[in-house]
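>>> The amino acid sequence is not available; the structure is as follows:
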């Protein structure tokens with residue numbers, strides 16, 4: 001698969017890498033397993049999938065970095081993050097990650113999880129990450145943790161990292177829904193997370209943001225903010241506060257997994273390029 005080129009307005013440079021899916025190397029069942037937790041923040045069962053890399057050693061002297069992906073079923077199947085991580089590891093392009101793919105259901109339930117939701121930050125911080133540290137050999141260093149997602153998942157990844165920079169030090173957001181208000185609101189005030197960035201001190205979080213060039217449209221049927229421009233304003237707010245941000249607008253890029261999947265490995269490589 002050829003990668004879509006990027007247009008990067010002012011961000012630090014990064015190098016796209018060739019990437020293709022190797023269908024002959026499926027993830028072994030023992031390296032991608034489903035677990036159901038009782039989410040004490042939302043008071044409901046929540047399914048997660050745990051990925052471990054080839055050669056995972058629970059007794060390893062160095063803890064493994066962690067990647068958290070929202071819309072877990074999408075990152076399991078449509079945009080198979082485990083295969084991407086295996087491929088990058090095999091090529092020496094990224095470290096061996098443990099991954100956790102979080103199920104966020106659909107519709108209003110999903111937005112209630114990912115739309116600047118305080119309960120999600122609580123679940124990730126008080127339950128999910130402690131659970132991962134207890135059961136897998138994963139890092140306690142936030143600089144080696146990535147939260148990722150697309151659309152509402154990209155917003156959710158950024159929100160959780162900004163609420164808990166002590167746990168998550170990197171965000172990989174694709175077509176993030178930064179136009180939204182607080183707690184999944186479709187009503188003004190819009191771009192709530194951007195206003196929080198503007199009004200608060202910066203934190204030690206690194207961002208990789210991309211959005212499609214074609215996502216130049218108003219949300220909510222024309223009454224809401226421009227989707228692409230909301231990403232630009234979020235980028236500008238982050239940079240004004242001193243955050244490290246790689247930002248790209250994808251030529252002819254639209255709002256869909258075909259565009260996100262091509263860029264997902266670039267984001268992982270970019271965020272990990274200075275890791276030791």
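Yep, it's here. Just so it is clear, the model here is predicted, and its values are computed rather than measured.
>>> just the helices in this structure please.
Ranges of helices in the chain, per DSSP state H, are 72-76, 81-90, 107-114, 118-123, 129-135, 152-163, 192-199, 227-240, 257-272.
>>> which of those helices is buried the deepest?
Stretch with highest mean neighbour count among those: helix 152-163 (a mean of 27; mean count of other C-beta atoms under 10 Å). Yep, even glycine has a C-beta here, placed from its N, CA and C like the rest.
>>> which other helices and strands contact that helix?
helix 107-114, helix 118-123, strand 145-150, strand 170-174, helix 192-199 (3 or more C-beta pairs under 8 Å, 6 or more residues apart in numbering; DSSP states H and E).
>>> Going by mean pLDDT, which of those comes out lowest?
Note on the helices and strands packed on helix 152-163: lowest mean pLDDT is at helix 107-114, with a mean of 93.
>>> What is it packed up against?
If you count contacts as 3+ C-beta pairs under 8 Å, 6+ apart, helix 107-114 packs onto helix 118-123, helix 152-163.
>>> Including distance to residue 186, could these go into JSON lines?
Formatted as JSON lines, these follow (distance: least, C-beta to C-beta, whole Å):
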{"stretch": "helix 118-123", "distance to residue 186": "18"}
{"stretch": "helix 152-163", "distance to residue 186": "12"}
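>>> Tell me which of those sits nearest to residue 40.
Nearest to residue 40 among the helices and strands packed on helix 107-114 is helix 118-123; the distance by C-beta to C-beta comes to 7.6 Å.
>>> by contact count, what packs against that closest one?
The contact analysis (3+ C-beta pairs under 8 Å, 6+ apart) places helix 118-123 against helix 107-114, helix 152-163.
>>> Of these, which is nearest residue 97?
The closest of the helices and strands packed on helix 118-123 to residue 97 is helix 152-163. By C-beta to C-beta, the value is 15.1 Å.
>>> Not counting sequence-adjacent ones, nearest residue to residue 142?
residue 169 (3.8 Å; C-beta to C-beta, 6 or more residues apart in numbering).
>>> Quick one: closest of the helices and strands packed on helix 152-163 to residue 65.
Using C-beta to C-beta, those put strand 145-150 closest to residue 65, at 6.7 Å.
>>> Please state the offset of the closest one from the chain centre?
Chain-centre distance of strand 145-150: 2 Å, with C-alpha atoms, centre = their mean, to the nearest Å.
>>> cool, and stretch 98-108?
On C-alpha atoms, centre = their mean, the centre of stretch 98-108 falls 11 Å from the chain's centre.
>>> got any ranges where the stretch 51-200 of the chain has weak pLDDT?
For the stretch 51-200 of the chain, no stretch has pLDDT under 70.
>>> Kindly recompute the last result at 90.
Of all residues in the stretch 51-200 of the chain, those with pLDDT under 90 make up the ranges 104-107.
>>> distance of residue 36 from residue 44?
Using C-beta to C-beta, to the nearest Å, residue 36 is found at 10 Å from residue 44.
>>> again, but for residue 106
Taken as C-beta to C-beta, the span from residue 106 to residue 44 is 14 Å.
>>> shared neighbours, the two?
Shared contacts of residue 106 and residue 44 (C-beta atoms under 8 Å, 6 or more residues apart in numbering): none.
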